[in-house]
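>>> give me a 3D structure for the following:
(2 chains)
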Amino acid sequence: MSDLVLPRRELILRAGGLVAAAGALPLLSGCDAINGVEPVRKILSLGEEMHFASQRALTNRDALAREFTRADLSPVFRSNGTRMPAGADYAVHARRGFADWRVAVRGLVARPLSLSMADIRAMPQRTQITRHDCVEGWSAIGEWIGVPLRSVLAAAGLRDSARYIVFRCADRIGDADYYESCDRVDALHPQTILAWALNGEVLPIANGAPLRLRIERQLGYKHAKYLTAIEAVDSLDQVGAGKGGYWEDRVDYEWYAGI
Amino acid sequence: MAPPDTPDAPPQPPPAGSTVSHDRAAPRRVYRHRLPTRIWHWTNALTLLVLLMSGLMIFNAHPRLYWGQYGANYDHAWLAIGATEKTGFLRVGSLRVETTGVLGRWTDKDGVEQTWAFPGWATIPTRYSLADARRWHLTFAWALAIALTLYMLWTAVGGHLRRDLQVRRGEWSPRHIWQDVKDHARLRFPTGEAAARYNILQKLSYIGVIFVLLPLIIATGLTMSPGFNATAPWLLDLFGGRQSARSIHFIVAWLLVAFFLVHIAMVLLAGPVNEVRSMLTGWFRLPEAKDGSE
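Below is the predicted model:
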């Protein structure tokens, strides 16, 4: 090699070349090895925090998800997650057409409520044709009818101290009933509704009968099905393991699923 | 990293009509890549690799691609990777290729047969985890987007774009481009002062990556965000729907892989030590002309 090149530089080069040439292999095993390390997971959570912070800070908090027409409906609206909740209680409710189903509204509210499906249908309704996006990657377009969550929270007298809304569900998966949560911005968003109809028919069991959440600017696992209660809380620490949702607590899905 | 004896100077254009003397013992060196270029290059090498591999894991969660606003299992997929009882396959349109061992059905490092689309050696993490892949992907996406934005600004403001990447009038001529294609095909690389500058095919590929492919892959990624859709619904119109954006995102990822393969091939053919050194230290040694050429 030329005498212009310093040995030190040559060393750096050789090392650089090796790293570049064999980059993929150590990276692969390296990624697996550090995947579970706590500081690494903190860094890997930065993405979600930055997406949440930037979307909340830079975008219109009331911006509406796109609404479609009936011509855009998916021919078949597939279901996901629980398709039939286990347990005798749910089966009895289903047989009776959910005539005795109650949804509690509790927590940081002035007037806790217990609503029947008739109560819910008697409130002002919203119809919307929106796209459902699963975290897995697929999308389906469906028409939903339901009561805006903000009307329900207003009727219960949501307190200013409530920062999050928690959704309790009747479907048990493994060791716990499903649960989810969102912040005030999405809870009070005009398209966030408690839906009881899909594509002009009463909500099928596979899609969350008798009542499910539609939270249109987030991914599918946030749209809690088989709703039994809506809780206003000031912190998610006491909810499940503290990350705010069933899958968030178990496999570390993002709590903010707007991305 | 920059040698102390040199200012942070742009590569000098060759004096008109200059010839390279062949009898000099030491080849002439030029300061070819400035620090921002070198940092951006290696940042990209890492982030794009992580994004590709975590992206393939995310694809494994639903290994089907669609055109339009919606698309799920009951809808027609233009591309699908799947498994039959004994084989793995890739289907594009009506063309079906058996890919047993690589795609759709493969054996993991513990000897267990798996039917995820992309094999463990190609994904982050190795074992199926949509949640972890999304953590890697969505965090490294920020690194890619921020680094690209800064680099684009620097190329425009710092003169890199005008000086090194901008295509000159003469270079647009079909004859010039065809000559460069032939030179590449014959593996005849520029020597002397001509090697200090980018040739037309290099310019077009770098411009294509920096100003077309990378912005496109970021924009289609954002179009898959239901939160961002509400803010920028025009992106849905631009790409023809969320599922179309997902398909384009996937295609652009493979175009970037194609760029990477050609890029690596060219580095190896043009002199890997000199090329890698120039991307580490900035200094590039001009290859000497062989007798009779140039």
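>>> what residues are up against whichever residue of the stretch 1-150 of chain A sits closest to chain B?
Of all residues in the stretch 1-150 of chain A, residue A:47 sits closest to chain B, at 3.2 Å by CB to the nearest CB. No exception for glycine: its C-beta is placed from N, CA and C like everyone else's. By CB atoms under 8 Å, 6 or more residues apart in numbering or on different chains, the residues touching residue A:47 are B:135, B:137-142.
>>> what comes up buried for the helix or strand harbouring it?
Assigned by DSSP states H and E, residue A:47 belongs to helix A:38-58. Applying a neighbour-count criterion of 16 or more other CB atoms under 10 Å in any protein chain shown, one finds A:44-45, A:47-48, A:50-52, A:55 buried in helix A:38-58.
>>> and those as a markdown table, adding distance to residue B:220 and pLDDT?
A markdown table is the format used below for the buried residues of helix A:38-58 (distance: CB to CB, whole Å; pLDDT from 0 to 100):
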| residue | distance to residue B:220 | pLDDT |
| --- | --- | --- |
| A:44 | 22 | 93 |
| A:45 | 24 | 93 |
| A:47 | 17 | 92 |
| A:48 | 20 | 93 |
| A:50 | 19 | 95 |
| A:51 | 16 | 95 |
| A:52 | 21 | 95 |
| A:55 | 18 | 94 |
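>>> burial count for residue A:32?
Using other CB atoms under 10 Å in any protein chain shown, residue A:32 is surrounded by 15 other residues.
>>> for the host helix or strand of it, what does the pLDDT average out to?
Using DSSP H and E, residue A:32 falls within helix A:24-35. Mean per-residue pLDDT for helix A:24-35: 74.
>>> and for stretch B:197-205?
Mean predicted confidence for stretch B:197-205 is 93.
>>> centre of the chain to it, how far?
15 Å (CA atoms, centre = their mean, to the nearest Å).
>>> please apply the same query to stretch B:232-244.
24 Å.
>>> please spell out which residues along it are buried.
In stretch B:232-244, counting by 16+ other CB under 10 Å, buried: B:232-233, B:235-236, B:239, B:241-244.
>>> how far away is the closest residue in space to residue A:193 that isn't next to it in sequence from residue A:38?
Excluding the flanking residues, the one nearest residue A:193 by CB to CB, 6 or more residues apart in numbering or on different chains is residue A:146, at 3.6 Å. Going from residue A:146 to residue A:38 by CB to CB, to the nearest Å gives 40 Å.
>>> read off the pLDDT value for residue 143.
All of this refers to chain A. 98.
>>> actually chain B
97.
>>> and the one helix or strand it maps to with helix A:38-58, angle?
In this assignment (DSSP H and E), residue B:143 forms part of helix B:130-157. Angle, helix B:130-157 to helix A:38-58, by axes from the mean of the first three to the mean of the last three CA atoms, to 10 degrees: 60 degrees.
>>> what sits up against stretch A:204-214?
Residues contacting stretch A:204-214 (CB under 8 Å, 6+ apart): A:77, A:79, A:83-85, A:93-94, A:98, A:101, A:103, A:117, A:120, A:128, A:130, A:144, A:146, A:149, A:167, A:180, A:191-196, A:198, A:202-203, A:222-227.
>>> in ChimeraX, select just the buried ones from those residues.
What follows is the ChimeraX syntax selecting those of the contacts of stretch A:204-214 that are buried according to 16+ other CB under 10 Å:
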select /A:77,79,85,93,98,101,103,117,120,128,130,144,146,149,167,180,191,192,193,194,195,196,198,203,222,223,224,225,226,227
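>>> in space, what's closest to the closest residue to chain A within the stretch 151-294 of chain B - neighbours in sequence excluded?
In the stretch 151-294 of chain B, the residue that lies nearest chain A is residue B:227 (2.7 Å; CB to the nearest CB). Excluding its sequence neighbours, the residue lying closest to residue B:227 (CB to CB, 6+ apart) is residue A:258, at 2.7 Å.
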